[in-house]
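Visitor: quick one, what's the 3D model for this:
(chains A and B)
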Amino acid sequence: MSADLTAALVDQVRHAADHKTPLRIVGGDTKAFHGRHSAGDRLDMRGHHGVLHYDPTELVITARAGTPLTEIDSVLAEHGQMLPFDPPRFDDGGTLGGAVAAGLAGPGRPWRGAPRDLVLGVKLLDGHGQVHRFGGEVMKNVAGYDVARLMAGALGTLGVLLDISIKVLPHPPAERTLILEADREQALHTLRALAGKPAPLAGACHLEDRLYLHLSGNASGVQAWEQQIGGEHGDGENFWDRLRDHRLAFFHQQAPLYRLSLPPATDCHDFDANALLDWGGAQRWLYTDMTDAQLREAVAAHQGHVTLFRGGDRQGEVFQPLDPVTLRFHQGLKARFDPQGIYNPGRMYADF
Amino acid sequence: MIDPDIPAPADLQLRQRLAKRFRQLTDPAFVLTEPGELAPYECDGLSAYRRRPLIVVLPATVTEVQAIVRVCRDLGVPVIARGAGTGLSGGALPREDAVLLSLARFNQILDLDVSNCRARVQPGVRNLAISEAARPFGLYYAPDPSSQIACSIGGNVAENAGGVHCLKYGLTTHNLLALTVVTIDGELITIGGGGYDAPGYDLLALMTGSEGMLGIVVEVTVKLLPIPERAQVALASFDDIAQAGNAVAAVIAAGIIPAGLEMMDNPAIRAAEDFAHAGYPTDAAAILLCEVDGSNAEVSEDIKRVREVLLAAGATEVHTARDDTERALFWAGRKSAFPAVGRLSPDYYCMDGTIPRRHLAKVLKDIDRLSDQYGLAVANVFHAGDGNLHPLILFDANKPGELEKAEAFGGRILELSVAVGGTITGEHGVGMEKINQMCLQFPPETLGVFHTIKTVFDPHGLLNPGKAIPTLNRCAEFGAMRVHAGALPFPELERF
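Guide: I've put the predicted structure just below:
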C-alpha cells in the first residue's frame, strides 16, 4: 500500500507551473465544502501514502500526506497513543495532509492544541516544483522561520504537503462525560470558573440548556473532579465524536453554518443566543438571519472573527477579510511560494 | 545597500543626524550616542560577541516606535530590536551601522483578563512578572526559560523561548494569542486574535521565533493557565547514562507526560551539588528529575507510577521530594547548573542542539570523544523530555586560542545534532552564534525560501540584518573552510 509519489507529483506540479494550470489539491475529498470554491486539475494525494517513522517513546509520527487518518489512528492506538487535535471527520477517507492543511481541530483544542501546535515538520512541494524540508521530528526546534506551522491551515494555497511529522500523546487512561443542566448564562459562568481551575478538561460544550464537560486524565484525577463538578454521566465518546464530526442534530439544519472564533468568556447573546458553544466558548457554531457583513462586524467588535463554514455563497468571501497590510503579507507569501498561482487559487481569499 | 555579513563602520555624521531626528520624536534623555552610554549595549547574553551600536534609542510609546522605524526606513539604516538582552545566541548583537532600538521602557502589564485567561502586556515586561501578576487569580504563564527572572516577553517571542516545562506545556509559540507588530514601513498590525485562531495564514507562528527579522513586536497577548494544585518531583540516580536515557523513554511509554523531565551527567551533578547542596548523589553517572503536576489526586497516582517505572528501568535509587522545600531544593540544583559550572572554569560555552532522544547515548559518547580531542571538559544538562541538549563547554578565554577551540568544538556538537536528525537550536535561537551551522542544516534552496519570506516583510533587509538566516555567500565561505569527505556543499557558488 505504501508508496512514494513525490517524483510524479513534482512532474505534475512543474507541468502545471509551466502552463499556469490551476491545481485542486485533493486528499480524501472530505472537506470540499470548506473554503471558497476553487477550480483546477485534480492533484490526487491519496496514492502518496504510508507511515514513514513512528517511535512511541519520541511522541512523534511521520507519515506521507495521503495516509488516511484511520490508518494513523490505528497505528497510534496499538501503542495507546492518539493524534491530540481530534481532526474532524466530515466523511470517510480523510487524510493526514488534508487534516493539517485545513487546520481544523476537534473539541479538545483549548487543552490539546490544533494542527499548528502539533506539527513539528513538513516536507513541502512548492510552486516551483521544488521540495523543501522545514522543521523536523523534534519538539524544540527554532532554526529558521517556522514554515511548518505556517502550512497548517493554509488550505494548500502555499504548497503541497508531502510528509508531515506531528506530535502525538498517550491516550488518557480515564475519561468521563458530565452533563449539567444550565442555561446559557449559567453555562458561561460555570465555564469561566472552570477555566481558572486545574481540572483535567478535554471538552466543554453548551447545547440546548445542557453543559457537556469532558474529563480526561488518570483515574484518580478524573474521579476527584467528577465529584467536585457533579452533574449526570453522559455517553462520552459518542457525544464528543458527533460534535467533532458535525453529526449532532444541530448540524443537520439546511441554512448556512457560521463558525465564530471568540475570546471564550464573550457574552454576545444579542446575536448568538442560539449558538452551540464549543471549546469552552471560544468556538461557536451559529445559524443566523444576519448578513455576513453584519455578523462579521458584530463579532469583530468582540475581538473575534467569522467563517462561513458550510453552505451559502462559496464564490464570495467565506473568511473574515484581512486588513490591507496583512493582506499584502499574504499576497507576498503566496507570490513567493506559488508564483504562478497554481495551488488552490481563491480557496482562501479571492485575491490569491 | 546593507551588507548583512559586514557592517559598515560607524558614520558619525549619520549618528548626529539620527540623534537629532530621534530627539524630536522621543524623550532626548533616551537617545544615546556617547561611547560610555553605548557600551552596555555592545552585547546580549552571548558576551563573546561584541559590536558598538551606531546609536541607541529607547522609545516609550508605540507611536514613537513607528516614527523611529520610519526614519530608519527613509534613511536606509538597519534597526535591531532588543529586549532585556539576555539572549544566548547574539540575536540582539548590534552593528556599527545600525540603530539599536531597546524596548526596555515598554514594561507595563496592560490588561489581566482573568475571565478569558489571558494577559495583554508590553514587550519589555519580564517573563516572571506575568506569572507574579496572575498568581492572585490562580493563573500563570507557562513557558519558563531559565532566565525568566530577567528576560522579557518580547525577547521570548523573538526567540520562541522554551524552558523546563515544554514537553507538557509547549514553547512560547503555543502560549501566545496575539501580537501587535510595527512593520518596517511603520504600520501597526495585529497578528492573531481574541480567540484561539485568526483568519488567513498563521502569521503568529511565522513571527514567533523570527528573531526580529520580520517586524518589531510592541504588544503581546499571552495565554494564562490555571496553576496546578500540586507538583511533585522524583530524583532518580543511574550508574549508566544510556540507562537514564532509556528510563526517560520508559516513563513516556507508560503514558505519563511529566511537567518537567531533566537529566544531568556526572560533571553537571557534581558542579550543581557543590554549588547548591541539593542532595544530589555525586557518584551517579546521571540523574533524572521527573516532575508531575495537576490536581492532588492526579499527582499522587502519577508520582507513584513514575517511581515504579524508574526503578524498573534500572534506577539505583529514586527519591521523591518529601515536601515543597525539598522539591524546591532538587530544582535549585538543576537551575543553578549553569552558574555552578561557571565556577569550575573561567568561561563556559552553552550549546543548544535538539536530538531525537533515542540517539542520546551515541551523541553523548561522541561529545565525550570530541572533549578529549579538543582538550576541553564538558558538563551536560539535558531537557530530556523533549530532546534538548545543553552541553556546557569549559574553557578559559584568557588562554590564547581557547575561545576559538570552544567555538569549533561547539560547532561540531551542532553538526552531530543535525547528523542524527535533530536541530542546531532547540530554544536559544540562531542569532549570530549558529549562523554558520544553518548552512549545514538547510540546503541553499531552502535558505532561499527563508530569504524570500524576509523580503515579503522587509524588502530592503533593514530589520536585524545578518542574523538567523545566513547569506549564501556566507555559507560558501563556511563550506570552503570545512570540506567534508571531498564533497563541497554549494558547488554552484564561486569560491573566494
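Visitor: contacts and neighbour counts: CA atoms only from here.
Guide: Fine.
Visitor: residue numbers of the stretch 1-150 of chain B in contact with chain A?
Guide: B:114, B:115, B:116, B:117, B:137, B:138, B:139 (C-alpha under 8 Å from any C-alpha of the partner chain).
Visitor: pretty sure the fourth one sits against residue B:223.
Guide: The one in question is residue B:117. Yes: contact status for residue B:117 versus residue B:223: in contact at 6.1 Å, counting by C-alpha atoms under 8 Å.
Visitor: out of the residues of the stretch 1-150 of chain B next to chain A, which is most surrounded?
Guide: residue B:139 (25 neighbours; other C-alpha atoms under 10 Å in any protein chain shown).
Visitor: what number of residues lie near the residue in the stretch 51-200 of chain B that chain A sits nearest to?
Guide: The stretch 51-200 of chain B approaches chain A most closely through residue B:195 (4.3 Å), counting by C-alpha to the nearest C-alpha. Neighbours of residue B:195 under the rule other C-alpha under 10 Å: 24.
Visitor: which SS class is it?
Guide: coil (DSSP: H, G, I helix; E, B strand; the rest coil).
Visitor: again with residue B:101
Guide: Under three-state DSSP, residue B:101 comes out as strand.
Visitor: what sits against it?
Guide: By C-alpha atoms under 8 Å, 6 or more residues apart in numbering or on different chains, the contact set of residue B:101 is B:56, B:57, B:58, B:59, B:79, B:80, B:81, B:82.
Visitor: same thing but 6 Å
Guide: B:57, B:80, B:81 (C-alpha atoms under 6 Å, 6 or more residues apart in numbering or on different chains).
Visitor: partners of it in the sheet?
Guide: residue B:57, residue B:81 (DSSP bridges).
Visitor: report pLDDT for it.
Guide: Looking at residue B:101, its pLDDT is 98.
Visitor: which parts of the stretch 1-150 of chain A are strands?
Guide: A:23-26, A:41-44, A:51-55, A:60-64, A:81-82, A:119-125, A:131-135 (DSSP state E, counting those that start in this stretch).
Visitor: poorly predicted segments of chain A, please.
Guide: For chain A, the stretches with pLDDT under 70 are A:236-237.
Visitor: enumerate the residues of it near chain B.
Guide: A:57, A:139-143, A:145-146, A:150, A:154, A:170, A:192, A:196-198, A:220-221, A:261-265, A:282, A:303-304, A:332 (C-alpha under 6 Å from any C-alpha of the partner chain).
Visitor: and stretch A:165-174, which residues are buried?
Guide: By neighbour count with 16 or more other C-alpha atoms under 10 Å in any protein chain shown, stretch A:165-174 contains the buried residues A:165, A:166, A:167, A:168, A:169, A:170, A:171, A:172.
Visitor: just the C-alpha atoms of it, please, in CSV.
Guide: Backbone C-alpha positions of stretch A:165-174 (Å, rounded to 0.1, in the frame of the first residue of the first chain) are rendered in CSV as follows:
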residue,chain,number,x,y,z
SER,A,165,5.8,14.9,11.4
ILE,A,166,3.3,15.5,14.1
LYS,A,167,3.4,15.3,17.9
VAL,A,168,1.2,12.6,19.4
LEU,A,169,0.2,12.0,23.0
PRO,A,170,-0.7,9.0,25.2
HIS,A,171,-4.4,8.2,25.3
PRO,A,172,-5.6,9.2,28.8
PRO,A,173,-6.4,6.1,30.9
ALA,A,174,-9.7,7.5,32.2
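Visitor: work out the gap between that stretch and the centre of the chain.
Guide: 17 Å (C-alpha atoms, centre = their mean, to the nearest Å).
Visitor: quick one: contacts of it?
Guide: With contact meaning C-alpha under 6 Å, 6+ apart, stretch A:165-174 is reached by A:59-62, A:80-84, A:118-121, A:137, A:216-219, B:255.
Visitor: kindly report the same for stretch A:96-109.
Guide: Stretch A:96-109 has contacts (C-alpha under 6 Å, 6+ apart) with A:27, A:65, A:67, A:69, A:85-88, A:114-115, A:152-156, A:202-203, A:244, A:279.
Visitor: now with 8 Å, please.
Guide: With contact meaning C-alpha under 8 Å, 6+ apart, stretch A:96-109 is reached by A:26-28, A:63-69, A:72, A:84-88, A:113-116, A:151-156, A:161-164, A:202-204, A:240, A:243-244, A:278-279.
Visitor: got the end-to-end distance for that stretch?
Guide: Start-to-end span of stretch A:96-109 (C-alpha to C-alpha, to the nearest Å) is 17 Å.
Visitor: just stretch B:86-99 next, same as before
Guide: 19 Å.
Visitor: distance from it to the middle of the chain?
Guide: 14 Å.
Visitor: care to break the chain down by domain?
Guide: Answering for chain A, as no chain was given. Using automatic domain parsing, the domain parsing of chain A gives A:6-170, A:174-310.
Visitor: I was after chain B.
Guide: Using automatic domain parsing, chain B is parsed into the domains B:12-102, B:109-226, B:230-338, B:345-433, B:437-481.
Visitor: out of the ones you listed, which one sits most buried?
Guide: domain B:109-226 (a mean of 23; mean count of other C-alpha atoms under 10 Å in any protein chain shown).
Visitor: next, the contact list for residue 233, please.
Guide: By default, I'm working from chain A. Residue A:233 makes contacts with A:176, A:177, A:178, A:179, as judged by C-alpha under 8 Å, 6+ apart.
Visitor: correction: the question concerned chain B.
Guide: So residue B:233 contacts B:289, B:290, B:291, B:292, B:303, B:320, B:321, B:327 (C-alpha under 8 Å, 6+ apart).
Visitor: next step: those residues restricted to strands.
Guide: Judged by DSSP state E, the subset of the contacts of residue B:233 located in strands is B:289, B:290, B:291, B:292, B:320.
Visitor: widest-spaced pair of those residues?
Guide: B:292 and B:320 (11.2 Å; C-alpha to C-alpha).
Visitor: identify the contacts common to the two.
Guide: Common neighbours of residue B:292 and residue B:320 (C-alpha under 8 Å, 6+ apart) are B:232, B:233.
Visitor: residue contacts, the residue nearest to residue B:241 when sequence neighbours are not counted?
Guide: In space, and not counting its chain neighbours, residue B:241 is closest to residue B:286: 5.4 Å by C-alpha to C-alpha, 6 or more residues apart in numbering or on different chains. The contact partners of residue B:286, by C-alpha under 8 Å, 6+ apart, come to B:237, B:238, B:239, B:240, B:241, B:244, B:263, B:264, B:265, B:266, B:269.
Visitor: could you check how far the helix-or-strand element of chain B with minimal mean pLDDT is from the centre of its chain?
Guide: Counting by mean pLDDT, DSSP states H and E, the weakest-scoring helix or strand in chain B turns out to be helix B:472-481, with a mean of 83. Relative to the chain's own centre, helix B:472-481 is displaced by 25 Å; criterion: C-alpha atoms, centre = their mean.
Visitor: mind checking the end-to-end distance for stretch B:253-265?
Guide: 23 Å.
Visitor: with secondary structure and neighbour count added, can I get the contacts of residue A:233 in CSV?
Guide: Listed next are the contacts of residue A:233 as CSV, based on DSSP: H, G, I helix; E, B strand; the rest coil; neighbours: other C-alpha atoms under 10 Å in any protein chain shown:
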residue, secondary structure, neighbour count
A:176, strand, 21
A:177, strand, 24
A:178, strand, 20
A:179, strand, 21
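Visitor: quick check, nearest of the residues you listed to chain B?
Guide: Taking C-alpha to the nearest C-alpha as the measure, chain B lies nearest residue A:176 of the contacts of residue A:233, at 14.6 Å.
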